[in-house]
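K.L.:
Sequence first, then the predicted structure, then my questions.
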Number of protein chains: 2
Amino acid sequence: MKPESYFSKEIKPALENEPPGEWLPKIPDGCIRLSSGYPDRGLVPVDGVKEAVAELLDEEKDLPFHYIGSRKMEELSVFLQQLMNGCSVSVNDEEMLITSGACQAIDLIARVLVDDETVVALESPTYMEALEIFQNYTKHFISVEVDEHGLRTDRLEEVLKDRRRNGETLPKVLYTIPSFQNPTGTTMTEERRDHIIRLAEEYDFLIIEDDAYGNVYFEKGMVPLKSRGGDRVLYVGSLSKVVAPGLRIGWIAARPEFIRALSWFKKDLGHPFAQASVAAFLGMSDLDGHFASLRKVYKEKCRLMLSELKRELPSEVSWYVPEGGYFVWVRVPGVDTSGMLPAALSEGVSYVPGKYFFLDREEGIEYLRLSFSYASKQDIVEGVQRLGRVVEAAVGFEGGK
Amino acid sequence: MKPESYFSKEIKPALENEPPGEWLPKIPDGCIRLSSGYPDRGLVPVDGVKEAVAELLDEEKDLPFHYIGSRKMEELSVFLQQLMNGCSVSVNDEEMLITSGACQAIDLIARVLVDDETVVALESPTYMEALEIFQNYTKHFISVEVDEHGLRTDRLEEVLKDRRRNGETLPKVLYTIPSFQNPTGTTMTEERRDHIIRLAEEYDFLIIEDDAYGNVYFEKGMVPLKSRGGDRVLYVGSLSKVVAPGLRIGWIAARPEFIRALSWFKKDLGHPFAQASVAAFLGMSDLDGHFASLRKVYKEKCRLMLSELKRELPSEVSWYVPEGGYFVWVRVPGVDTSGMLPAALSEGVSYVPGKYFFLDREEGIEYLRLSFSYASKQDIVEGVQRLGRVVEAAVGFEGGK
């Protein structure tokens, strides 16, 4: 028997794509992980969660182990709603679905909205997992570039106008990470935010707003698109970057009709133990203090990485200056960053090659994504030095060709 | 804007079905839950998990909070493989995918195998969540009855022969719960197990074997179909019934080609904290002892429920005698058990009306599912007395019409 012959006709086109996770470098032991978009080790609430689990189980006994769930699960919803209120977005229970992280949220939204005829508009570059997800559902995309002020909404408008003029299918959804984008670290300006909402109305598309980094700002936060675009925006939130990814807590805020359909297809059911543990942790924590300290830590680490890059990298190498988030997006002119990766790994530093963040991989050849979130300050210094040596050699080699 | 107008063409047929979870009765406070397929409260490892989490975090610190995951996650795979070895099924890493419970496993398998032209063969009655899941993907089903010896494979063969003779589409997959079935509690005999494997070969279908209750036997376990059917069987396991559902640990064992495709669409990613916690718990536990005591507890509670049913219910009411699992499947001739439910809930006892376990709801009108797993012994006695009063009244009423 041939397993492939039993596959659904729906999934066959998806399986022609590159397999998921190809972007993840195989990182040798001792390598400094500038590829990893994980939180700072010191900010992960190890003791807090330990204490919270003990308190939860003392108080609720077996409750969080059944599907009945625990009272704490409602508290988690309340907490997440408060978090959104703090960003000027008002959400009630019917407008919200807790998910197992932002990826599941994006996947559920794609399941509900995207079929093989749907056109999806994407930022270029964009989050590689989202690229993988949307490509599981359709082959029709519009890619619009991101610059230091976020998505080029003027370019988006041009594309939409052209499409309308030529009678081509218009996009049904736009996926965007407006604040402290992955991978560029850049943030959409107020003007562009207003523009994008006007375009959504005029060209009748929905917006999937991935706000995973919204609370990881250095100086000031941005008001989410959800607060301006209302019904047209499906907001995706996550605790991965502000608490910890291993707990798998994300959510969707959207109109009740969307939430109802999204819940319909969420078949991992609730996660009572994990969700109640997180709720117990949040209930015990000084979240404002935690957020303040994480903003300080990431701001310092980002500054450090930028100053090290300036010192260690050849002058033709450039990057955007982030105002939040986890990443620095680096351009190494004339160098294929995928080809350079094995040298970097043997030098003891990892990054993610830029091509994985583009629909058309060719566009990403010269780029690479660095993360300052996970590595310690010492490792950032050492890691950038190692990267500097590898880049020097590559630039020299390419230049000498 | 009208949210429904943006839905994918793929999901629109699914949304015409009854919404998920309709089977779940709204249970008033103080009601004895004979509807709940949860483990016994005393068997849920509250202290064990508390201790395991503390030990895990002392040992691994922040590791289980990142996507890198923890060494414990590998241990979980090893443990689950050993559990399967104990049931005469040998599985390696490439043949296995850990899921967030059995439902997610079934949903992923449906996603990979079932499209809107696929015919799915189902047991009648069967697990209501599985019914919901398959109906999200197709409208084409074959229903084959279950009796006290499990699926009527002779009937299945007749249906297959007829279909082949008439040039009708043959089923691509059969979903079965061969051991201690939900909802009937019955178990497929050895002969029927052999028969079903022969049929799968002859008529070229795959088997989804849901073995969630396989380890909850009273006298002896059954060798899974996976051990006989090999490549044609996609095995679904779960710790929900032997440890706790709130931890959301299930898995799929199948050929690597299937596992690769299933992983492709699993977008909640790993659950490092939950999975590492469970692995730590399993590592510290005397599992053989735990399994022995859960078998004893459920056997006693089942016996108790059966003897109470015999004493409290009118003589025309009948049921199968389970040899394992969580459920007793009861027939109340001439009574619509859905119509009777409000009376039962106000009497203070819940059950699941039989109709939800059938594709053709009419077939289930006279049935109801009781669970002896969650309620205490005292509650089983009291609950069945309450049920007895409600059934007496219903039978009298229907009889008097």
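P.N.:
On my side now, so go ahead.
K.L.:
Now the helix or strand harbouring A:Leu345: buried residues?
P.N.:
Using DSSP states H and E, A:Leu345 falls within helix A:337-347. Buried positions in helix A:337-347, judged by neighbour count with 16 or more other C-beta atoms under 10 Å in any protein chain shown: A:337-338, A:340-341, A:343-345, A:347. Using the backbone N, CA and C atoms, a C-beta is placed for each residue, glycine as well.
K.L.:
Equivalent analysis for stretch A:47-65, please.
P.N.:
Quick answer for stretch A:47-65 (16+ other C-beta under 10 Å): A:48-53, A:55-57, A:60, A:62-65.
K.L.:
again, but for stretch A:203-223
P.N.:
Result for stretch A:203-223 [16+ other C-beta under 10 Å]: buried residues A:203, A:205-218, A:221-222.
K.L.:
Need the mean per-residue confidence for that stretch.
P.N.:
The average pLDDT within stretch A:203-223 is 97.
K.L.:
Endpoints of it, how far apart?
P.N.:
In stretch A:203-223, first residue to last residue: 23 Å (C-alpha to C-alpha, to the nearest Å).
K.L.:
Alpha carbons only: can I get the helix holding A:Leu345 in CSV?
P.N.:
C-alpha atoms of helix A:337-347 as CSV (Å, rounded to 0.1, in the frame of the first residue of the first chain):
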residue,chain,number,x,y,z
THR,A,337,23.0,34.3,3.8
SER,A,338,21.8,30.6,3.3
GLY,A,339,25.1,29.7,1.8
MET,A,340,26.9,31.5,4.7
LEU,A,341,24.9,29.7,7.4
PRO,A,342,27.1,26.6,7.7
ALA,A,343,30.2,28.8,8.3
ALA,A,344,28.3,30.7,11.0
LEU,A,345,27.2,27.5,12.7
SER,A,346,30.7,26.2,12.8
GLU,A,347,31.9,29.6,14.0
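K.L.:
so after that helix, what's the next helix or strand?
P.N.:
The helix or strand immediately downstream of helix A:337-347 is strand A:349-350, counting by DSSP H and E.
K.L.:
So which elements touch whatever helix or strand comes next after that next one?
P.N.:
As assigned by DSSP H and E, the chain's next helix or strand after strand A:349-350 is strand A:352-353. Secondary-structure packing of strand A:352-353 (3 or more C-beta pairs under 8 Å, 6 or more residues apart in numbering or on different chains; DSSP states H and E): helix A:337-347, strand A:367-371.
K.L.:
Paired strands for the shortest one, with orientation please.
P.N.:
Which is strand A:367-371. Applying DSSP bridges to the sheet, strand A:367-371 is found paired with strand A:327-331 (antiparallel), strand A:352-353 (antiparallel).
K.L.:
Need the ones you listed in CSV (columns: mean neighbour count and mean pLDDT).
P.N.:
Below are the strands paired with strand A:367-371 laid out as CSV (neighbours: other C-beta atoms under 10 Å in any protein chain shown; pLDDT from 0 to 100):
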stretch, mean neighbour count, mean pLDDT
strand A:327-331, 23, 98
strand A:352-353, 24, 98
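K.L.:
Which of the buried residues of stretch A:203-223 fall within strands?
P.N.:
Mapping the buried residues of stretch A:203-223 onto strands (DSSP state E) picks out A:206-210.
K.L.:
What is the nearest of the residues you listed to chain B?
P.N.:
For those, the minimum distance to chain B (C-beta to the nearest C-beta) is 5.8 Å, reached by A:Leu206.
K.L.:
Excluding chain neighbours, what is closest to A:Val44?
P.N.:
Once flanking residues are discounted, A:Val44 sits nearest to B:Asp62: 4.1 Å by C-beta to C-beta, 6 or more residues apart in numbering or on different chains.
K.L.:
Is the one you found in contact with A:Gly48, as I believe?
P.N.:
No: counting by C-beta atoms under 8 Å, A:Gly48 is not a contact partner of B:Asp62; they are 11.4 Å apart.
K.L.:
List, one by one, the residues from the stretch 251-400 of chain A near chain B.
P.N.:
Residues of the stretch 251-400 of chain A lying close to chain B by C-beta under 8 Å from any C-beta of the partner chain are A:255, A:257-258, A:260-261, A:263-265, A:267-269, A:271-274, A:276-277, A:374.
K.L.:
would you list every one of the helices in chain A?
P.N.:
For chain A, applying DSSP state H gives helices covering A:12-15, A:46-60, A:71-85, A:101-113, A:128-135, A:153-166, A:190-203, A:225-229, A:256-264, A:272-284, A:287-312, A:337-347, A:377-400.
K.L.:
So which of these is nearest B:Thr153?
P.N.:
helix A:12-15 (31.4 Å; C-beta to C-beta).
K.L.:
Report the contact partners of the nearest residue to A:Thr169 once chain neighbours are set aside.
P.N.:
Closest residue in space to A:Thr169, ignoring its immediate chain neighbours: A:Val119 at 5.0 Å, by C-beta to C-beta, 6+ apart. By C-beta atoms under 8 Å, 6 or more residues apart in numbering or on different chains, the contact list for A:Val119 reads A:138, A:140-142, A:169-172.
K.L.:
can you rerun that using 6 Å?
P.N.:
A:140, A:169, A:171 (C-beta atoms under 6 Å, 6 or more residues apart in numbering or on different chains).
K.L.:
Test of understanding: give the bridge partners of it.
P.N.:
A:His140.
K.L.:
for chain A, which spans come out with low pLDDT?
P.N.:
A:398-401 (pLDDT under 70).
K.L.:
Report the residue ranges of every domain in it.
P.N.:
What automatic domain parsing lists as the domains of chain A is A:9-45+A:289-400, A:46-284.
K.L.:
Neighbours of the closest residue to chain B within the stretch 301-401 of chain A, how many?
P.N.:
Per C-beta to the nearest C-beta, A:Tyr374 is where the stretch 301-401 of chain A lies closest to chain B, at 7.6 Å. Residues near A:Tyr374, counting by other C-beta atoms under 10 Å in any protein chain shown, number 23.
K.L.:
Could you do A:Leu43 as well?
P.N.:
As a burial measure, A:Leu43 scores 18 neighbours (other C-beta under 10 Å).
K.L.:
could you measure it against chain B, distance?
P.N.:
To chain B, A:Leu43 is 9 Å away according to C-beta to the nearest C-beta, to the nearest Å.
K.L.:
re earlier: minimum distance to B:Phe134: which of the helices of chain A has it?
P.N.:
Nearest of the helices of chain A to B:Phe134, taken as C-beta to C-beta: helix A:256-264 at 13.7 Å.
K.L.:
ok, back up a step: for the domains of chain A, state which one has the densest average packing.
P.N.:
domain A:46-284 (a mean of 21; mean count of other C-beta atoms under 10 Å in any protein chain shown).
K.L.:
picking that back up, pull the contacting residues for the residue of the stretch 301-401 of chain A closest to chain B.
P.N.:
Neighbour list for A:Tyr374: A:33, A:36, A:38 [criterion: C-beta under 6 Å, 6+ apart].
K.L.:
Now with 8 Å, please.
P.N.:
A:33, A:36-41, B:66.
K.L.:
I'd like to know how far it sits from A:Ala394.
P.N.:
A:Tyr374 is 24 Å from A:Ala394, where distance means C-beta to C-beta, to the nearest Å.
K.L.:
now do A:Lys2
P.N.:
With C-beta to C-beta as the criterion, A:Lys2 and A:Ala394 are 44 Å apart.
K.L.:
Angles on the backbone of the closest residue to A:Asp336 other than its chain neighbours, please.
P.N.:
Among residues not flanking A:Asp336 along the chain, A:Ile365 sits closest, at 5.3 Å (C-beta to C-beta, 6+ apart). Main-chain torsions, A:Ile365, degrees, to the nearest 10: phi -50, psi -40.
K.L.:
What separation do you get for A:Ile365 and A:Phe205?
P.N.:
For A:Ile365, the distance to A:Phe205 - C-beta to C-beta - is 30 Å.
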